[in-house]
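>>> the following block contains a protein sequence and its predicted model.
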Amino acid sequence: MADLEGRTVLVPGGSSGIGLATARLAAVCGAKIVLASHHRERLEAAAPRIRGRVRIEPADLADEASIAALCGQLGRIDHLVVTGDQPYTGAIRDLDIEDVKQGFDIKFWGSIRAVKHAAPRMPEDGSIVLISGVLAARPSPGMVTLAALNAAMEGLIRGLAVELSPIRVNGISPGLVATPSLDWMSGEQRAAMFGKFRDATPAKRVGTPEASRQGS
(Lines give C-alpha, C1' and ligand atoms only; values in the text may rest on other atoms or scores of the structure.)
Protein backbone atom coordinates (compact mmCIF):
# COMPACT_ATOMS: atom_id res chain seq x y z
CA MET A 1 0.00 0.00 0.00
CA ALA A 2 3.03 2.32 0.20
CA ASP A 3 2.63 3.43 -3.43
CA LEU A 4 -0.73 5.06 -2.64
CA GLU A 5 0.90 8.23 -1.32
CA GLY A 6 -0.64 11.16 -3.19
CA ARG A 7 -2.60 8.89 -5.57
CA THR A 8 -6.28 9.51 -6.35
CA VAL A 9 -8.57 6.61 -5.43
CA LEU A 10 -12.15 6.83 -6.70
CA VAL A 11 -14.66 4.70 -4.78
CA PRO A 12 -18.18 4.75 -6.23
CA GLY A 13 -20.50 3.29 -3.63
CA GLY A 14 -17.93 3.94 -0.93
CA SER A 15 -20.26 5.48 1.62
CA SER A 16 -20.54 2.22 3.57
CA GLY A 17 -19.49 -1.41 3.78
CA ILE A 18 -16.46 -2.76 1.91
CA GLY A 19 -16.10 0.45 -0.10
CA LEU A 20 -15.84 2.64 2.99
CA ALA A 21 -13.44 0.22 4.71
CA THR A 22 -11.21 0.26 1.61
CA ALA A 23 -11.31 4.05 1.44
CA ARG A 24 -10.33 4.35 5.09
CA LEU A 25 -7.32 2.08 4.66
CA ALA A 26 -6.20 3.80 1.46
CA ALA A 27 -6.45 7.20 3.15
CA VAL A 28 -4.24 6.03 6.02
CA CYS A 29 -1.68 5.09 3.34
CA GLY A 30 -1.70 8.63 1.95
CA ALA A 31 -4.18 8.36 -0.90
CA LYS A 32 -6.53 11.14 -1.95
CA ILE A 33 -9.99 9.62 -1.60
CA VAL A 34 -13.01 10.48 -3.72
CA LEU A 35 -16.23 8.94 -2.40
CA ALA A 36 -19.10 8.90 -4.88
CA SER A 37 -22.73 7.95 -4.32
CA HIS A 38 -26.20 9.17 -5.18
CA HIS A 39 -26.95 9.09 -1.43
CA ARG A 40 -25.57 12.48 -0.36
CA GLU A 41 -26.56 11.98 3.27
CA ARG A 42 -24.54 8.75 3.38
CA LEU A 43 -21.53 10.50 1.90
CA GLU A 44 -21.72 13.26 4.47
CA ALA A 45 -21.92 10.69 7.27
CA ALA A 46 -19.04 8.62 5.87
CA ALA A 47 -16.51 11.38 5.19
CA PRO A 48 -15.70 12.15 8.87
CA ARG A 49 -14.84 8.46 9.38
CA ILE A 50 -11.90 8.76 6.97
CA ARG A 51 -8.62 10.10 8.32
CA GLY A 52 -6.86 11.94 5.52
CA ARG A 53 -7.71 13.70 2.28
CA VAL A 54 -11.26 12.97 1.21
CA ARG A 55 -13.84 14.63 -0.98
CA ILE A 56 -17.41 13.58 -1.60
CA GLU A 57 -19.12 13.74 -4.97
CA PRO A 58 -22.74 12.95 -5.80
CA ALA A 59 -22.74 10.49 -8.69
CA ASP A 60 -25.05 7.65 -9.64
CA LEU A 61 -23.73 4.38 -11.05
CA ALA A 62 -27.05 4.01 -12.85
CA ASP A 63 -26.55 7.34 -14.64
CA GLU A 64 -23.72 7.33 -17.17
CA ALA A 65 -23.77 11.12 -17.59
CA SER A 66 -23.08 11.68 -13.89
CA ILE A 67 -20.22 9.14 -13.89
CA ALA A 68 -18.73 10.67 -17.04
CA ALA A 69 -18.94 14.16 -15.54
CA LEU A 70 -17.26 13.06 -12.31
CA CYS A 71 -14.37 11.31 -14.06
CA GLY A 72 -13.88 14.27 -16.36
CA GLN A 73 -13.80 16.61 -13.38
CA LEU A 74 -11.21 14.52 -11.57
CA GLY A 75 -8.81 14.27 -14.51
CA ARG A 76 -6.24 11.66 -13.51
CA ILE A 77 -7.60 8.67 -11.60
CA ASP A 78 -4.99 6.26 -10.26
CA HIS A 79 -7.21 3.59 -8.76
CA LEU A 80 -10.90 2.69 -9.06
CA VAL A 81 -12.78 0.55 -6.54
CA VAL A 82 -16.44 -0.01 -7.45
CA THR A 83 -18.81 -1.18 -4.73
CA GLY A 84 -22.51 -0.66 -4.19
CA ASP A 85 -25.74 -1.84 -2.65
CA GLN A 86 -26.66 -5.51 -2.50
CA PRO A 87 -29.58 -5.96 -4.93
CA TYR A 88 -32.80 -7.56 -3.81
CA THR A 89 -33.07 -11.30 -4.20
CA GLY A 90 -35.45 -14.11 -3.33
CA ALA A 91 -37.11 -17.25 -4.63
CA ILE A 92 -37.52 -17.16 -8.42
CA ARG A 93 -41.31 -17.54 -8.22
CA ASP A 94 -41.59 -14.45 -6.01
CA LEU A 95 -39.22 -12.13 -7.85
CA ASP A 96 -40.11 -8.65 -9.01
CA ILE A 97 -38.29 -8.54 -12.33
CA GLU A 98 -37.92 -4.76 -12.18
CA ASP A 99 -36.06 -5.08 -8.86
CA VAL A 100 -33.74 -7.65 -10.43
CA LYS A 101 -33.10 -5.41 -13.46
CA GLN A 102 -32.30 -2.52 -11.14
CA GLY A 103 -29.75 -4.68 -9.31
CA PHE A 104 -28.02 -5.50 -12.59
CA ASP A 105 -28.17 -1.87 -13.68
CA ILE A 106 -26.34 -0.70 -10.58
CA LYS A 107 -23.77 -3.45 -9.99
CA PHE A 108 -23.04 -4.85 -13.48
CA TRP A 109 -23.80 -1.95 -15.80
CA GLY A 110 -22.71 0.53 -13.12
CA SER A 111 -19.28 -1.13 -13.04
CA ILE A 112 -19.08 -0.91 -16.83
CA ARG A 113 -20.01 2.77 -16.76
CA ALA A 114 -17.39 3.54 -14.11
CA VAL A 115 -14.62 1.62 -15.89
CA LYS A 116 -15.51 3.10 -19.28
CA HIS A 117 -14.94 6.65 -18.04
CA ALA A 118 -12.19 6.07 -15.45
CA ALA A 119 -9.84 3.77 -17.39
CA PRO A 120 -8.86 6.34 -20.07
CA ARG A 121 -7.68 8.63 -17.26
CA MET A 122 -5.49 6.01 -15.58
CA PRO A 123 -1.71 5.61 -15.74
CA GLU A 124 -0.25 2.26 -16.75
CA ASP A 125 0.34 1.36 -13.11
CA GLY A 126 -3.27 2.12 -12.20
CA SER A 127 -5.73 -0.47 -10.95
CA ILE A 128 -9.40 -1.36 -10.99
CA VAL A 129 -11.14 -3.49 -8.36
CA LEU A 130 -14.66 -4.83 -8.88
CA ILE A 131 -16.80 -6.98 -6.59
CA SER A 132 -18.30 -10.31 -7.56
CA GLY A 133 -19.25 -12.85 -4.90
CA VAL A 134 -18.98 -16.46 -3.86
CA LEU A 135 -22.48 -17.20 -5.16
CA ALA A 136 -21.10 -17.14 -8.69
CA ALA A 137 -19.45 -20.49 -7.95
CA ARG A 138 -21.68 -21.77 -5.15
CA PRO A 139 -25.33 -20.78 -5.71
CA SER A 140 -27.88 -21.36 -2.99
CA PRO A 141 -31.70 -21.49 -2.99
CA GLY A 142 -33.30 -18.06 -3.05
CA MET A 143 -30.12 -16.46 -4.39
CA VAL A 144 -30.37 -17.35 -8.07
CA THR A 145 -30.33 -13.76 -9.34
CA LEU A 146 -27.30 -12.90 -7.21
CA ALA A 147 -25.54 -16.01 -8.50
CA ALA A 148 -26.22 -14.88 -12.09
CA LEU A 149 -25.17 -11.31 -11.35
CA ASN A 150 -21.91 -12.35 -9.72
CA ALA A 151 -21.16 -14.78 -12.55
CA ALA A 152 -21.61 -11.89 -14.98
CA MET A 153 -19.21 -9.83 -12.88
CA GLU A 154 -16.62 -12.63 -13.01
CA GLY A 155 -16.74 -12.62 -16.80
CA LEU A 156 -16.52 -8.85 -16.93
CA ILE A 157 -13.49 -8.80 -14.65
CA ARG A 158 -11.61 -11.39 -16.70
CA GLY A 159 -12.40 -9.62 -19.95
CA LEU A 160 -11.33 -6.21 -18.64
CA ALA A 161 -8.07 -7.64 -17.26
CA VAL A 162 -7.14 -8.73 -20.80
CA GLU A 163 -8.36 -5.62 -22.58
CA LEU A 164 -6.98 -2.95 -20.22
CA SER A 165 -3.52 -4.44 -19.49
CA PRO A 166 -1.13 -3.16 -18.15
CA ILE A 167 -3.72 -1.50 -15.92
CA ARG A 168 -4.45 -4.13 -13.27
CA VAL A 169 -8.03 -5.37 -13.04
CA ASN A 170 -8.88 -7.55 -10.05
CA GLY A 171 -12.03 -8.97 -8.55
CA ILE A 172 -12.93 -9.56 -4.93
CA SER A 173 -15.27 -12.48 -4.34
CA PRO A 174 -16.36 -12.23 -0.71
CA GLY A 175 -18.58 -14.61 1.12
CA LEU A 176 -21.24 -13.26 3.43
CA VAL A 177 -20.22 -9.85 4.80
CA ALA A 178 -22.27 -7.93 7.36
CA THR A 179 -22.80 -4.55 5.67
CA PRO A 180 -25.67 -2.05 5.39
CA SER A 181 -26.35 -3.48 1.91
CA LEU A 182 -28.33 -6.20 3.69
CA ASP A 183 -30.66 -3.69 5.36
CA TRP A 184 -33.48 -4.62 2.97
CA MET A 185 -33.82 -7.82 5.03
CA SER A 186 -35.58 -7.95 8.37
CA GLY A 187 -33.52 -8.44 11.50
CA GLU A 188 -34.88 -11.98 11.84
CA GLN A 189 -33.97 -12.81 8.24
CA ARG A 190 -30.42 -11.52 8.71
CA ALA A 191 -29.98 -13.42 11.98
CA ALA A 192 -31.18 -16.66 10.36
CA MET A 193 -28.92 -16.19 7.34
CA PHE A 194 -25.89 -15.34 9.49
CA GLY A 195 -26.48 -18.36 11.69
CA LYS A 196 -26.79 -20.72 8.73
CA PHE A 197 -23.61 -19.28 7.20
CA ARG A 198 -21.63 -19.61 10.43
CA ASP A 199 -22.68 -23.23 10.78
CA ALA A 200 -21.61 -24.07 7.23
CA THR A 201 -18.13 -22.48 7.21
CA PRO A 202 -14.88 -23.55 8.90
CA ALA A 203 -14.27 -20.06 10.34
CA LYS A 204 -17.66 -20.11 12.09
CA ARG A 205 -18.14 -16.37 11.62
CA VAL A 206 -19.63 -13.81 9.26
CA GLY A 207 -17.24 -11.48 7.48
CA THR A 208 -16.83 -7.78 8.24
CA PRO A 209 -15.90 -4.98 5.80
CA GLU A 210 -12.59 -4.45 7.64
CA ALA A 211 -11.62 -8.10 7.21
CA SER A 212 -12.58 -7.93 3.52
CA ARG A 213 -10.38 -4.93 2.83
CA GLN A 214 -7.39 -6.60 4.53
CA GLY A 215 -7.90 -9.73 2.48
CA SER A 216 -7.96 -7.81 -0.79
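Structure received.
>>> most centrally placed residue in the chain?
Residue closest to the mean C-alpha point of the chain, counted by Cα atoms, centre = their mean, is residue 83 at 1.4 Å.
>>> what about that residue, distance to residue 48?
Distance, residue 83 to residue 48, by Cβ to Cβ, to the nearest Å: 19 Å. Any C-beta I mention is one placed from the backbone N, CA and C, and that applies to glycine too.
>>> now the residue of the chain most remote from its centre. Its backbone dihedrals?
Within the chain, residue 93 marks the point farthest from the mean C-alpha position, 27.8 Å out by Cα atoms, centre = their mean. Backbone torsions of residue 93, given as degrees, to the nearest 10, read phi -70, psi -20.
>>> returning to that earlier point: from residue 138, how far out is the residue nearest to the centre of the chain?
21 Å.
>>> do residue 104 as well
In terms of Cβ to Cβ, residue 104 sits 20 Å off from residue 138.
>>> got it, and residue 95?
20 Å.
>>> can you check residue 118 too?
Taking Cβ to Cβ, one finds residue 118 at 30 Å from residue 138.
>>> give me the number of residues near residue 76?
10 (other Cβ atoms under 10 Å).
>>> element containing it, please.
Here residue 76 sits in a region with no helix or strand, counting by DSSP states H and E.
>>> which SS class is residue 150?
helix (DSSP: H, G, I helix; E, B strand; the rest coil).
>>> is it true that residue 152 touches residue 109?
No. Assessed by Cβ atoms under 8 Å, residue 152 is found out of contact with residue 109, at 9.8 Å.
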